[in-house]
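Asker: dropping the sequence and predicted coords here.
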Amino acid sequence: MKPLILPGEPPIEVALRISARARRLSLRVSQLDGSVSLTLPRRASLGEARAFLSERADWVRRHVAASPAPIRLRPGTEMPVGGQAHRLVVAGGRSAALGDGVITLPRDAPEKTGPRVAALLKSLARDRLAESCERHAARLGRRFTALTLRDTRSRWGSCSPGGRLMFSWRLAMAPPEVLDYVAAHEVAHLAEMNHSPAFWAHVARLMPDYAPRRRWLRENGAKLHAYRFRD
């Protein structure tokens with residue numbers, strides 16, 4: 001369905017979604033990237049959607065303005081890796097590499113900076129998450145069947161009933177203890193596929209001090225999604 005455009009400076013694109021379960025029109029502004037979506041019941045008309053959006057234009061603009069500004073990666077840009085600031089510098093080589101407070105980049109093709117840094121983060125995330133998940137799974141006496149990485153927007157990790165663990169590779173930017181918390185959280189789902197008291201008891205067994213790590217992610221997670229790895 002073609003998106004609506006909220007006029008103004010700047011114009012804002014609003015994605016339209018039709019839901020059989022929706023009983024009324026509703027707007028949502030993503031806290032991660034400021035994207036706007038308007039959900040409609042099946043019988044709602046396009047005219048109703050436009051009127052609804054117009055009535056709430058000020059609300060939409062306030063929430064979009066509060067979202068983190070996108071950060072595009074260029075030489076000189078600072079970004080976190082493992083919770084520590086690293087500056088992108090051109091230093092030769094064939095790929096992006098992690099140094100002491102820097103990420104070094106090849107001298108050719110600056111337009112490949114984003115994808116090259118993303119590849120580095122994926123490699124770091126896979127190694128660190130695999131170590132954490134294996135350690136927590138051993139303590140819990142459970143096994144996972146696979147570990148995959150994605151650039152997810154709605155969640156930092158997930159666990160399937162078949163024991164497949166999935167994580168956002170952007171966790172490589174977070175402090176190590178936060179990445180470790182997400183690993184413990186998903187491994188705990190190998191025992192309890194819910195968020196019941198029994199589940200949180202497993203999390204606490206794996207990581208007694210998980211609360212501040214969980215809070216850090218809630219308060220700072222949107223900043224990790226501000227980095228753009230493709231123009």
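Answerer: Here it is on my side, so go on.
Asker: host element of the closest residue to residue 59 other than its chain neighbours?
Answerer: Residue nearest to residue 59 in three dimensions, not counting chain neighbours: residue 27, with 7.3 Å by Cβ to Cβ, 6 or more residues apart in numbering. To be clear about C-beta, it is placed using only N, CA and C from the backbone, and glycine gets the same treatment. Using DSSP states H and E, residue 27 maps to strand 26-29.
Asker: same deal with residue 219?
Answerer: Assigned by DSSP H and E, residue 219 falls in helix 210-224.
Asker: so how far is the following helix or strand past that helix off the chain centroid?
Answerer: With elements assigned by DSSP H and E, the helix or strand that comes after helix 210-224 is strand 227-228. Centroid separation between strand 227-228 and its chain, computed with Cα atoms, centre = their mean, to the nearest Å, is 11 Å.
Asker: cool, and stretch 164-171?
Answerer: Distance of stretch 164-171 from its chain centroid, counting by Cα atoms, centre = their mean, is 9 Å.
Asker: what comes into contact with that stretch?
Answerer: 118, 121-122, 125-126, 128-129, 133, 144-152, 155-160, 178-179, 182-183, 186-187, 224-225, 227 (Cβ atoms under 8 Å, 6 or more residues apart in numbering).
Asker: got the buried residues for it?
Answerer: Neighbour counts over stretch 164-171 (16 or more other Cβ atoms under 10 Å) mark 165-171 as buried.
Asker: any idea which of those is the one closest to residue 198?
Answerer: Within the buried residues of stretch 164-171, proximity to residue 198 (Cβ to Cβ) peaks at residue 165, which comes in at 19.3 Å.
Asker: need the CA coordinates for the one helix or strand that closest one maps to. PDB is fine.
Answerer: For residue 165, the host element (DSSP H and E) is strand 164-168. Provided in PDB are the C-alpha atoms of strand 164-168 (Å, rounded to 0.1, in the frame of the first residue of the first chain):
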ATOM      1  CA  ARG A 164      17.600 -21.500  17.400                       C
ATOM      2  CA  LEU A 165      19.000 -18.300  18.800                       C
ATOM      3  CA  MET A 166      18.900 -15.100  16.800                       C
ATOM      4  CA  PHE A 167      20.600 -11.800  17.800                       C
ATOM      5  CA  SER A 168      21.100  -8.300  16.400                       C
END
